[in-house]
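Chemist: when you get a sec, could you give me coordinates for this:
(chains A and B)
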Amino acid sequence: GAVVSQHPSRVICKSGTSVKIECRSLDFQATTMFWYRQFPKQSLMLMATSNEGSKATYEQGVEKDKFLINHASLTLSTLTVASAHPEDSSFYICSAPGTTGYTFGSGTRLTVV
Amino acid sequence: GQNIDQPTEMTATEGAIVQINCTYQTSGFNGLFWYQQHAGEAPTFLSYNVLDGLEEKGRFSSFLSRSKGYSYLLLKELQMKDSASYLCAVIYSGNTPLVFGKGTRLSVIA
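Modeler: Prediction:
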């Protein structure tokens, strides 16, 4: 079945640094990738939608200059958290729609100290 | 909005049956998913309903009533490992993102 590989699974970084999260579709072409964020004991909240070859669409309240999304190919979408701060600590997860439903990456636990 | 409502927490006994309800706005509805999520992990697909009725898959069943904007997930013969969050998610049209409810944290006790 469809697989989305997400890396890294965990990252701890210092405040002010940038972190890049990658999601690769391994056996299908993902023209669209959805990026979600999940805070502890809360549900998944959509941050943005990336489309291959075009600008990402951000949800209300999500800073596009802070959460930089690039979807340069049909198999790779990246989310970069620029100048991360402790309040950005969260679980980030990507999801791609496919012919058999929605496929999720394994998630990235970001901790900013 | 597309409010998707489900209970925040539930507790049930090992071996018992539990039903987790979910209500959603019907306008534009195009399908409903149930996912299981353990803490710190990605959601795991459980079921997909697009037509009215009951879909049974082993110990898990999911029901949908499109006219009522209502679904439930039924878990039978509960096991301790079923302790997790259960997410109701709706797709409203085409290739749009899933809209998730807040999730129901289920605790299975001995």
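
Chemist: what helices or strands is the one helix or strand in chain A whose mean pLDDT sits lowest leaning on?
Modeler: Every helix and strand in chain A was compared by mean pLDDT, DSSP states H and E; the lowest is strand A:101-104, with a mean of 88. Strand A:101-104 sits against strand A:90-98, strand B:44-49, with contacts defined as 3 or more C-beta pairs under 8 Å, 6 or more residues apart in numbering or on different chains; DSSP states H and E. Using the backbone N, CA and C atoms, a C-beta is placed for each residue, glycine as well.

Chemist: helix or strand right after that strand?
Modeler: As assigned by DSSP states H and E, the chain's next helix or strand after strand A:101-104 is strand A:108-112.

Chemist: so what touches the least confident helix or strand of chain A?
Modeler: If you take C-beta atoms under 8 Å, 6 or more residues apart in numbering or on different chains as the criterion, strand A:101-104 is touched by A:1-4, A:25, A:34, A:93-97, B:33, B:42-43, B:45, B:48, B:98.

Chemist: kindly write the PyMOL command that selects the buried subset of the residues you listed.
Modeler: The PyMOL command for the buried members of the contacts of strand A:101-104 (criterion: 16 or more other C-beta atoms under 10 Å in any protein chain shown) is given here:
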select buried, (chain A and resi 2+4+25+34+93+94+95+96+97) or (chain B and resi 33+42+43+48+98)
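
Chemist: run a quick neighbour tally on residue 77.
Modeler: All of this is about chain A. Residues lying near A:Ser77 (other C-beta atoms under 10 Å in any protein chain shown) number 31.

Chemist: hmm, no, I was thinking of chain B.
Modeler: 11.

Chemist: what sits closest to it if chain neighbours are left out?
Modeler: Nearest residue to B:Glu77 in three dimensions, chain neighbours excluded: B:Arg59, at 5.4 Å (C-beta to C-beta, 6 or more residues apart in numbering or on different chains).

Chemist: how much space between that neighbour and B:Thr23?
Modeler: Taking C-beta to C-beta, to the nearest Å as the measure, B:Arg59 falls 24 Å from B:Thr23.
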